[in-house]
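Okay, here's the prediction I keep looking at, along with the sequence it came from:
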Amino acid sequence: MKAARWYGVKDIRVEDVPEPVAGPGEVKVKVAWTGICGSDLHEYLAGPIFIPVDAPHPLSGDKAPITMGHEYSGVVTELGEGVSGLEVGDKVAIEPIFASETSQASLEGKYNLDDQLGFVGLSGGHGGFASHSVIPARMVHKMPDGLSMEQGALVEPAAVALHAVRLSSIKAGDKAAVFGAGPIGLLVVEALRVAGASQIYVVEPSEVRRAKALELGATQVIDPMSQDAVQAIRDASGGVHVAFEVTGVPQVLPQCIDSTLHDGQILVVSIWEGDASFHPNTVVLKERQIKGSIAYRHVFPAVMELMLQGYFQAENLVNKRISIDDIVTEGFDALVEEKSHVKILVEAPE
């Protein structure tokens, strides 16, 4: 079958690989659509970050080259031995996490905090940039009637956003700032609307993405290239209760800190390519909190229910659809060269 595989920085190759077979406890899926994620782009430009190169990942048993793609949907075509609760023909969204079922974090129900955390399509496994994928049945979520396959490919990134907002201290009526209006930042805006935020300030240099943020519910958008973002937020709000860092740009982290009220919270959602620094007194003297958020846990069903209510809609977020043969030039390179893209979906090959 055809698959897009990571070999190294700026080296993704579309090639033929053996079609996987479902083993015990596994499900085989005919992939429909797969989104290109910011994490995929980090691996393309500066990897390896999650991708194992020198030694196999302890849970997947794989190392580079890796079939990429972790934001995907599909249709069940085969059930491995012992699988129940799913049937051939079911439309499904994939929760692409590798985690040990016996780790302390997993035993506490916090499997996304497992020391050996990995992701299908990054840490190995059969990623979504291919015609078929095989994944553990426990990580396959049946989609409710009424959701399209494109919506299914957005469940994973929407889960990142909803988990981050759930993890934050935001309360109904609170004020929030979102630094970065890429796909995850925009989804955070929608998740903040779900949570009842009264004011949502979005900092983003792309005019197209600023417009999209307003369309999705932002109160005010700020171009950090033409004005002081922190001052603009403080002038408009006096400071926000929670600031979400969704850029991975080192100089943005101290801006997030300074935009919050005394005893405010900074929720870091990004995956970072390098270090970021800030003066500790900006946190200490105002009793602020800095908290991280990774992936998601126990949230896919809630995301799909919210989609049925009109949140996280593909028609508002997907601005380009491409074939796997064009994944490098029209996908990864396009995202590097043009920051106005929101979400690019890759159609699976037959």
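The structure has been received and is ready for your questions.

host element of residue 334?
helix 333-337 (DSSP states H and E).

which residues of the stretch 251-350 of the chain fall in helices?
Using DSSP state H, counting those that start in this stretch, the helices of the stretch 251-350 of the chain run over residues 252-259, 281-284, 300-308, 314-317, 333-337.

Output these as a markdown table; include the columns mean neighbour count, distance to residue 227 and mean pLDDT.
C-beta coordinates here come from the backbone N, C-alpha and C atoms, glycine included. Formatted as a markdown table, the helices of the stretch 251-350 of the chain follow (neighbours: other C-beta atoms under 10 Å; distance: least, C-beta to C-beta, whole Å; pLDDT from 0 to 100):
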| stretch | mean neighbour count | distance to residue 227 | mean pLDDT |
| --- | --- | --- | --- |
| helix 252-259 | 22 | 12 | 98 |
| helix 281-284 | 12 | 21 | 98 |
| helix 300-308 | 18 | 33 | 98 |
| helix 314-317 | 16 | 26 | 95 |
| helix 333-337 | 14 | 26 | 93 |
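
which one of the ones you listed lies closest to residue 119?
Within these, the stretch nearest residue 119 is helix 300-308; the backing value is 14.4 Å (C-beta to C-beta).

about what we covered before: export the helix holding residue 334 as PDB, just CAs?
Listed next in PDB are the C-alpha coordinates belonging to helix 333-337 (Å, rounded to 0.1, in the frame of the first residue of the first chain):
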ATOM      1  CA  ASP A 333       6.100  22.900   2.200                       C
ATOM      2  CA  ALA A 334       2.900  24.900   1.800                       C
ATOM      3  CA  LEU A 335       2.500  25.200   5.600                       C
ATOM      4  CA  VAL A 336       6.100  26.400   5.900                       C
ATOM      5  CA  GLU A 337       5.800  29.000   3.200                       C
END
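
Please give the centre-to-centre distance between that helix and its chain.
Per C-alpha atoms, centre = their mean, to the nearest Å, the displacement of helix 333-337 from the mean C-alpha position of its chain is 18 Å.

And the contacts of that helix?
Helix 333-337 has contacts (C-beta atoms under 8 Å, 6 or more residues apart in numbering) with 36, 41, 44, 45, 320, 341, 344.

circling back to that earlier point, which stretch among the helices of the stretch 251-350 of the chain comes nearest residue 165?
Checking the helices of the stretch 251-350 of the chain against residue 165 by C-beta to C-beta gives helix 300-308 as the closest, at 11.3 Å.

Not counting its own residues, what contacts that closest one?
With C-beta under 8 Å, 6+ apart as the test, helix 300-308 has contacts from 93, 95, 141, 143-144, 146-147, 151, 154-155, 158-159, 162, 194, 312-313.

Let's see the PyMOL selection covering just the buried ones among the residues you listed.
Burial among those is assessed by 16 or more other C-beta atoms under 10 Å; the matching PyMOL selection reads:
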select buried, resi 93+95+141+143+147+151+154+155+158+159+162+194+312+313
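
What about the contacts of helix 300-308, which are in strands?
Residues of the contacts of helix 300-308 located in strands (DSSP state E): 93, 141.

Could you point out the member of the contacts of helix 300-308 that lies closest to residue 177?
Closest to residue 177, out of all of those and judged by C-beta to C-beta, is residue 194, at 17.0 Å.

Could you verify my assumption that that closest one touches residue 164?
No - taking C-beta atoms under 8 Å as the definition, residue 194 is not a contact partner of residue 164, at 12.0 Å.
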